[in-house]
Structure formats: structure tokens, C-alpha cells
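Asker: got a predicted model here, sequence first, then my questions.
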Amino acid sequence: MGILCRGTLVLSLSVVASLALAQGRLISIDSARAVSEVNMLTGEKTLLGTVGSNAGTTGGLAYDRANDVIYLTSTSLDSLFTLDLNTFTATLLGPYGDSAVVMHGLEYDSSTGTLYGVSSHNNGLYRLDKTNGAATLIGTSGLSSFTNLGYDSANDIMYATNSGADSFYTMDRSNGATTLIGPLINSTNPNSLAYNSDNGKLYMADNSTDKLYTMNVATGEAVEVGSMGSGNVLGLMYYNPVPEPATLAILGTGLAFLARRRK
């Protein structure tokens, strides 16, 4: 076993502190494969690049922060891809296995390492194989139209919006059932959700108003942030490859304990 010196501990603790201050980015993708960064204070989009045409019509985004993997669903090819945010290269993992599936909702559950999707054809919640894209039906919600997913990793809650009902729900990951929280009020066509694990806010993009909102998770009301500009945004994710705050806190505590032991 190597010896951990005091200087190393001080450096490690400073690294933890620096990581804790790192700011993530809110990333969107529209049906034309345009990837943008969305200003979380104003809603303004800044184009970053365009995904290759091999991904077809692009829809939902999901981010596995622990492994720094971005997942992308193609609504025209009924397939799952990974996305390289540096090159905008989409790499095919595989088809969902059912040509009826139109997967708009896509979200990663960090508590179990599970990738979920919701298809508009039956409003079914699916478990997606992260190696080959195969979709396994868990259950249906009884809703209609497009359902979007947003996972609150701090409280272990899967939220959902539905464009047919213009409402906000929680979703049971064991059977796909939804529980109504309340109407969106200010939004008429929700198309994507993303949870910022660093500030605890759930963001939503609306394609009728072309605006960014934060969600009041207690009432369901969509609170306007600002205009994103034109574009059919279907996917939204919070991107920050730095570990989540809880992980950093555990790491920092462990290093501090070792530092006290070395005194």
C-alpha cells in the first residue's frame, strides 16, 4: 500500500473543492439534429454543432454522469445511439426491436444504472439495453401523445410531462403508472425534461412557446425562464462530467478523515 503524504492530501482536498465549483451545461437537441447549449438563466440557445445524418430524426437525450455516456434516441430509425459531444458523432447501439415504438422520452436512472424510454405509440415505459438498444416493456401509463422523463437523482423521483394532457406527473418505474401532480398552466407542448443535480432544478422545453421553464415539482406549474428561439427541441439533458455533489461530499469527507489520521 502506498503512503499518502500530507501534501498529497492537501492537493486532493483542493481538487475536490475545485470540482465542487464546476458548472455543468444544459444541452438540447432538435429534430433536425442541431445540438445547442441552453442558458439556464435566460433560456437562449447557442448552436454547438449538428449530429450526423446517420441518426435520422433525433429525439430524447439522456446522460449517464457516472460513466460520462450520452444516449440519444432516433424517432425515425427506432434505435438507440450514443453521442460524442465533442465531435457530434452518433454511434448506433441498436434498434428497439419493435417498429411501432416512437421513443421521445429518454432518461437515465443513476440509482440503478437503468436507461428508460417512453414510446408515444402506447405510452409504455421501457427498459433499454445500454449495449444493444433492445427495449423491454415495463408497463403503460394510460396517457396519450408524447411523454417526457426527468429523473431527480437527489430525491430518487422520476417525473414526466405529457403533451396531450399538458400536465406534470410522477412515474412509477416498476409499472409505468403515472400520478398527477398538476397542470403545467404556462406550457402547452412540453417536449423534454432535464434535472440539474447541482442546483436541484428541473428544466423543461416547450415546442409551442419555444421557451425554457423550470418546474414547480410541488404543483406542476411551469415557470418561464426565457425564450430559446425557434427550433423543434425534443431532447434536453444536464451535462456535467464531474461527480454529483453527494459523491464529492463523500470523497471530501474521506480525504479529510485521512488527513486527520496523518497528523
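Answerer: Perfect, thanks for sending it.
Asker: give me phi/psi at the residue lying closest to Asp98 once chain neighbours are set aside?
Answerer: Leaving aside its sequence neighbours, Asp98 sits nearest to Ala135 (CB to CB, 6 or more residues apart in numbering; 6.5 Å). C-betas here are computed from N, CA, C, even on glycine. Ala135 adopts backbone torsions of phi -110, psi 130, taken as degrees, to the nearest 10.
Asker: for Ser76, give me its contacts.
Answerer: Gly56, Thr57 (CB atoms under 8 Å, 6 or more residues apart in numbering).
Asker: just the element for it, please.
Answerer: For Ser76, there is no helix or strand it lies in under DSSP states H and E.
Asker: look at it and report its pLDDT.
Answerer: Looking at Ser76, its pLDDT is 94.
Asker: any stretches of this protein with poor pLDDT?
Answerer: For the chain, the stretches flagged by pLDDT under 70 are 1-22, 244-263.
Asker: can you map out the helices along it?
Answerer: With DSSP state H as the criterion, the chain has helices at 6-20, 245-262.
Asker: ramachandran angles for the closest residue in space to Asp68 that isn't next to it in sequence?
Answerer: In this structure, Asp68 finds its nearest non-sequential neighbour in Pro241, 4.7 Å apart by CB to CB, 6+ apart. When read as degrees, to the nearest 10, the backbone of Pro241 gives phi -70, psi -10.
Asker: so how far is Leu41 from Pro241?
Answerer: 21 Å (CB to CB, to the nearest Å).
Asker: before we move on, what about Asn54?
Answerer: Taken as CB to CB, the span from Asn54 to Leu41 is 34 Å.
Asker: same question for Asn189.
Answerer: 23 Å.
Asker: next one: Met237
Answerer: Distance from Met237 to Leu41, counting by CB to CB: 18 Å.
Asker: the two: who's more crowded?
Answerer: Between Met237 and Leu41, counted using other CB atoms under 10 Å, Met237 has the larger neighbour count: 31 against 9.
Asker: show me what Thr50 is bridged to.
Answerer: Beta-bridge pairing for Thr50 (DSSP bridges): Ala34.
Asker: so it sits against Phe88, correct?
Answerer: Yes: using CB atoms under 8 Å, Thr50 is in contact with Phe88, at 6.2 Å.
Asker: and the strands in the stretch 51-200 of the chain, which stretches?
Answerer: 58-64, 69-74, 79-84, 89-95, 103-109, 114-119, 124-128, 135-140, 147-152, 157-162, 167-171, 178-183, 190-196 (DSSP state E, counting those that start in this stretch).
Asker: tell me the contacts of Lys211?
Answerer: Lys211 is in contact with Gly43, Ser187, Ala205, Glu224, Val225, Gly226, Ser227, Met228, counting by CB under 8 Å, 6+ apart.
Asker: how many residues are close by the fifth one?
Answerer: The local packing of Val225 (other CB under 10 Å) involves 22 other residues.
Asker: swap in the first one?
Answerer: Applying other CB under 10 Å, we find 20 other residues in the vicinity of Gly43.
Asker: over to the one 3 residues further on?
Answerer: Neighbour count of Thr46, defined by other CB under 10 Å: 10.
Asker: for it, list the residues it contacts.
Answerer: By CB under 8 Å, 6+ apart, the contact set of Thr46 is Ser36, Glu37, Val38, Asn39.
Asker: same check, this time on Asn175
Answerer: Neighbours of Asn175 in contact, by CB under 8 Å, 6+ apart: Leu125, Ile138, Gly139.
Asker: which of those residues has the most neighbours?
Answerer: If you rank these by neighbour count (other CB under 10 Å), Leu125 sits at the top with 28 neighbours.
Asker: could the strands of the stretch 51-200 of the chain be laid out in CSV, adding distance to Leu26?
Answerer: Output for the strands of the stretch 51-200 of the chain, formatted as CSV (distance: least, CB to CB, whole Å):
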stretch, distance to Leu26
strand 58-64, 11
strand 69-74, 13
strand 79-84, 15
strand 89-95, 20
strand 103-109, 15
strand 114-119, 20
strand 124-128, 23
strand 135-140, 27
strand 147-152, 12
strand 157-162, 16
strand 167-171, 19
strand 178-183, 22
strand 190-196, 6
